[in-house]
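> sequence plus predicted model, see below.
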Amino acid sequence: MSATPTTPPPALRPYLGETDEDVAWHELLWHEADAFAVEHAAPRAVRMEAAPDRVEGKVAGLMAARGWFAVTIPAAFGGLGAGHVAKTILVHRIARVSAAAAAILQATLIPVGALLHFATYEQKGRWLPQVANGSLLLSIAVTEPQAGGHIGGIEATAERTGNEWVITGSKIHIGNSHLAGAHLVVARTAAAGVSTSQALTAFMVETDRPGLSLPAHRAGLGLHGFSAGRLDLDHVRVPDDNVVGEIGQGLAVAQSSSIIYGRPNLAALSLGIHEAVVDTTTSRLKTRPRYQGALSDLPVLRDRVGGMEARLRAGRILAYQSVHLLDRGLPCDAELINSKYLGHQWAMQSAQDAMELHGAHALDGDYVLQRLWRDIQHTYPPAGTGEVQRIRLADAAFDEDHIQWSEHLAAETAWARPTRPPHEPLCAAARDSPPPRTGPCRRPPSPAGAGGTPPSDRPSQPRK
């Protein structure tokens, strides 16, 4: 893998912004993410591999100090006020060096999206500034021991008692389970027989609530240092104010967050791993002597590498094109699904090719390629397996994808994407005074988010 920051490929130029200023801002973020990966993520990746039973918290704190967990949070709530392209840059570039560190980042961004789209203005003011200042990480807890990722089979229940809800059940494979200070939990609030679209509700549940327990962290196949554990909720009480969205709207909260945040996040994670796989393989083949040249001179091996490069370039375009459309507020659910589906599939195929091209050297336990092969396995199940993605793409082919979350929530997406006024310095470092925090400049709030309640939001209403 290259140890020096790179420049965004020219093919990505159309997706980095509509003005030279926007492109320059995204390029600055690209270089900053690369520098962070080299300085902080790379040495910790080695330590995380050496101690897989430990949860990596330090790198999370370093990313939080840069405001990266708040990359899509509007400046009105202390965030960077960027968008999904910026989010993709961060996850992608960090994943090239440490997929586990990138997984920590993307896992909190999913519940952030749910709060942006479904929380009341008062709830956003309560939760989002804590994420923005780095004092709070979040998780989303939907998957269960028996139902797996089948949302309609959720067994965890929430029963109303006065102004409180009592939640009982278990959740598994919860990203950032052992780092999060609060969890977005989806539970069943309706009686048996009620349609799933009206039977579930989302709740914010703080980690220190009595009755919530987390079994000890157990290392997975890959992503060592990243926690994806279990939550057990035994009559956990939360106030009515912790309900996110309307009662019975939990399916919408979970599905939209998966499509708009989860799938593009995983596409970016797969892309970073994919780039590392190709870089590792070409570096090995170029330096391995064979006959009067190197392994890279052999046509049979170049054919395999050419296939890897083709998949990488296509996956890169899919990942950035889809989030570019999302930032523009255009309907692109199928593109987001496809970027996750093919992004993983192509990276997985390239990783397998790389293992074969390396021969027995790939089996050395401390060789980076083995870590990359293990890590890419983790981008397949979340936000729907390949079978689920193909079914959703078939819905699009038959024109049966009736809800376009990317379009339905476009107003909130646009509000979270402020416009930088003309002549404003590109970043805090360009000003005479030192920046208020490490990391990229925040884009100033748009008029909608500058003060008061945005038009798409309403003050809290008594819940029925």
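Looks like it arrived, so ask away. Residues are numbered from 1 along each chain as shown.
> list the residues that contact residue 45.
For residue 45, the contacting residues are 97-98, 100-101, 225, 371, by Cβ atoms under 8 Å, 6 or more residues apart in numbering. In short, each C-beta sits where N, CA and C put it, glycine included.
> most neighbours, which of those?
Counting neighbours by other Cβ atoms under 10 Å, residue 98 leads those with 30 neighbours.
> and the contacts of residue 45, which is closest to residue 80?
Within the contacts of residue 45, distances to residue 80 taken as Cβ to Cβ reach their minimum at residue 101, with 18.2 Å.
> now the helix or strand encompassing the closest one: mean pLDDT?
Assessed by DSSP states H and E, residue 101 sits inside helix 99-118. Regarding helix 99-118, the rounded mean pLDDT is 95.
> can I get it in CSV, CA atoms only?
Taking C-alpha atoms only, helix 99-118 is exported to CSV below (Å, rounded to 0.1, in the frame of the first residue of the first chain):
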residue,chain,number,x,y,z
ALA,A,99,-10.9,-1.2,7.7
ALA,A,100,-11.6,-1.5,11.5
ALA,A,101,-11.0,2.2,12.1
ALA,A,102,-13.2,3.1,9.1
ALA,A,103,-15.9,0.7,10.5
ILE,A,104,-15.9,2.5,13.8
LEU,A,105,-16.6,5.8,11.9
GLN,A,106,-19.3,4.5,9.6
ALA,A,107,-21.2,2.6,12.3
THR,A,108,-22.0,5.8,14.3
LEU,A,109,-22.9,7.7,11.1
ILE,A,110,-25.9,5.4,10.5
PRO,A,111,-27.9,6.3,13.7
VAL,A,112,-26.8,10.0,13.1
GLY,A,113,-28.7,9.7,9.8
ALA,A,114,-31.8,8.4,11.6
LEU,A,115,-31.8,11.3,14.0
LEU,A,116,-31.3,13.8,11.1
HIS,A,117,-34.3,12.4,9.2
PHE,A,118,-36.7,11.4,12.0
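> after it, which helix or strand is next?
Once the chain leaves helix 99-118, the next helix or strand it forms, by DSSP H and E, is helix 121-132.
> in a helix, residue 218, correct?
No - counting by DSSP: H, G, I helix; E, B strand; the rest coil, residue 218 falls outside a helix, being coil.
> returning to what we had before: and the helix holding residue 101, how far from the chain's centre?
5 Å (Cα atoms, centre = their mean, to the nearest Å).
> may I see the buried residues of it?
For helix 99-118, a neighbour-count test (16 or more other Cβ atoms under 10 Å) marks 99-118 as buried.
> relative orientation of that helix and helix 121-132 in degrees?
Put simply, helix 99-118 runs at 160 degrees to helix 121-132, going by axes from the mean of the first three to the mean of the last three Cα atoms, to 10 degrees.
> strands of this protein, start to end?
Along the chain, counting by DSSP state E, strands occupy 138-141, 157-161, 164-175, 182-188, 200-206, 212-213, 228-239, 243-244, 289-290, 293-294.
> most tightly surrounded among the ones you listed?
strand 138-141 (a mean of 28; mean count of other Cβ atoms under 10 Å).
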